[in-house]
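Colleague: make a model of this:
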Amino acid sequence: MPAFDQIVVITKKTALDELVERFNSRDQARFYVEHMGASFSEYQASHDAYQRALELLRRSLPGGVRAQFVERQFLPTFLFGESDLVATLGPDGLVANTAKYLKDQPLLALNPDARRVDGILVPFSVEQAPEAFSAALSGGLPARGVTMAKASLNDGQTLYAINDLFIGPRSHVSARYRITFCGRSEDQSSSGLIVTTGAGSTGWFRSLLTGAAGLVDGFTKARANAPVSEGYRFDWEADLLYFTVREPFVSKTSKAGLVFGRIEPGRELELVSYMPQNGLIFSDGIEADCLEFNSSAIARIGLAERKLNLLVPARVAELSYR
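Modeller: Below you'll find the predicted structure:
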């Protein structure tokens, strides 16, 4: 039976919370939204649903175990204990945001609002919280090892991702770099690179493949690439990553021969930045928590040495959870 020192619950601000922060009051936020011709009711309804879920979660916490609540913005500076049971109350993005700061701690993901949250990475509803906490604390929930990506810089900094890494420019300009993979190297100019895990294959990776297939089909007046755009998904636990170069530009000084590849165990993608400024690497859509990737920086991208221990219902333990 696992011994946990405490339960750490990761929460997030609602869209209404962020509007109130921006405009200083709920009334001012409402005035702005309605003045712009939009409806305020959905902001309020979504906020109320999250608050109800949060209250239900609080009531579901088992007695005798210390609990701590941490808002998402404090994750970069929060230190998780080795014996913490971590729970998230929010969408898939909150799971991804939390995962990169964990080591071996199990994560129990709770969906606060099934009407609004897809919950691909969130196996439990908040209504299941009492049973889920009890089972997790007694060791009755299996964990799936979700593969993560890792970016390492030559100055020792690292960044993890549960869905994807972006390597490129901070704004809408071209990224300049040298790419090396499987013994091949070339200088490139592009909109940046995406490195995708199995968990991220249904998101940004799917969009990239769908867009590329649609462009080729539209240009050639064919439908030959439809199966490509439909075969995007690969397993969360698969020990592989894919990299994709976005919009590579061919010129006298840049090529486009290395635009897609499969990163397996023992392989790394190497990138040398040629960008004097505004180069960066960020993960899972959070640009604020990034690594600077400017001239002389060398990034090596590969499979992370650890995985996310995502708790799942026992009834799906024998399935390939995706």
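
Colleague: check which helix or strand R206 maps to.
Modeller: For R206, the element it lies in under DSSP states H and E is helix 204-220.

Colleague: I misspoke; the intended subject was F31.
Modeller: For F31, the element it lies in under DSSP H and E is helix 26-35.

Colleague: which positions in the helix holding R206 come out as buried?
Modeller: Neighbour counts over helix 204-220 (16 or more other Cβ atoms under 10 Å) mark 204-206, 208-210, 212-213, 217 as buried. Yep, even glycine has a C-beta here, placed from its N, CA and C like the rest.

Colleague: any chance of JSON lines for those, columns distance to S283 and pLDDT?
Modeller: JSON lines is the format used below for the buried residues of helix 204-220 (distance: Cβ to Cβ, whole Å; pLDDT from 0 to 100):
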{"residue": "W204", "distance to S283": "11", "pLDDT": "91"}
{"residue": "F205", "distance to S283": "14", "pLDDT": "92"}
{"residue": "R206", "distance to S283": "18", "pLDDT": "90"}
{"residue": "L208", "distance to S283": "16", "pLDDT": "90"}
{"residue": "L209", "distance to S283": "20", "pLDDT": "89"}
{"residue": "T210", "distance to S283": "22", "pLDDT": "86"}
{"residue": "A212", "distance to S283": "22", "pLDDT": "86"}
{"residue": "A213", "distance to S283": "26", "pLDDT": "83"}
{"residue": "D217", "distance to S283": "31", "pLDDT": "82"}
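
Colleague: tell me the one among those nearest to D118.
Modeller: Among the buried residues of helix 204-220, R206 lies closest to D118 (Cβ to Cβ), at 13.2 Å.

Colleague: what's around the nearest residue to the closest one once chain neighbours are set aside, how many residues?
Modeller: With sequence-adjacent residues excluded and distances taken as Cβ to Cβ, 6 or more residues apart in numbering, R206 is closest to Y232, at 4.3 Å. For Y232, the neighbour count with other Cβ atoms under 10 Å is 18.

Colleague: is Y232 in contact with L209, as I believe?
Modeller: Yes. Shown here, Y232 and L209 form a contact pair, counting by Cβ atoms under 8 Å, at 4.9 Å.

Colleague: show me the helices in the stretch 101-250 of the chain, by range?
Modeller: Assigned by DSSP state H, counting those that start in this stretch, the stretch 101-250 of the chain shows helices spanning 129-137, 204-220, 226-230.

Colleague: distance to I167 for those helices - can I get that in TSV?
Modeller: Below are the helices of the stretch 101-250 of the chain laid out as TSV (distance: least, Cβ to Cβ, whole Å):
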stretch	distance to I167
helix 129-137	36
helix 204-220	13
helix 226-230	23
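
Colleague: to G257, which of the ones you listed lies closest?
Modeller: Going by Cβ to Cβ, the one of those nearest G257 is helix 204-220, 16.1 Å.

Colleague: what separates the closest one from the chain centre, distance-wise?
Modeller: 22 Å (Cα atoms, centre = their mean, to the nearest Å).

Colleague: tabulate the CA atom coordinates of that helix in PDB.
Modeller: C-alpha atoms of helix 204-220 as PDB (Å, rounded to 0.1, in the frame of the first residue of the first chain):
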ATOM      1  CA  TRP A 204      -1.100  19.800 -32.700                       C
ATOM      2  CA  PHE A 205       0.400  16.800 -34.500                       C
ATOM      3  CA  ARG A 206      -3.000  15.900 -36.000                       C
ATOM      4  CA  SER A 207      -3.500  19.500 -37.100                       C
ATOM      5  CA  LEU A 208      -0.100  19.500 -38.900                       C
ATOM      6  CA  LEU A 209      -0.800  16.300 -40.700                       C
ATOM      7  CA  THR A 210      -4.400  17.300 -41.600                       C
ATOM      8  CA  GLY A 211      -3.200  20.600 -43.000                       C
ATOM      9  CA  ALA A 212      -0.300  19.100 -45.000                       C
ATOM     10  CA  ALA A 213      -2.500  16.400 -46.500                       C
ATOM     11  CA  GLY A 214      -5.200  18.900 -47.400                       C
ATOM     12  CA  LEU A 215      -2.700  21.200 -49.100                       C
ATOM     13  CA  VAL A 216      -1.300  18.400 -51.200                       C
ATOM     14  CA  ASP A 217      -4.700  17.100 -52.100                       C
ATOM     15  CA  GLY A 218      -6.000  20.500 -53.000                       C
ATOM     16  CA  PHE A 219      -2.900  21.300 -55.100                       C
ATOM     17  CA  THR A 220      -2.900  18.000 -56.900                       C
END
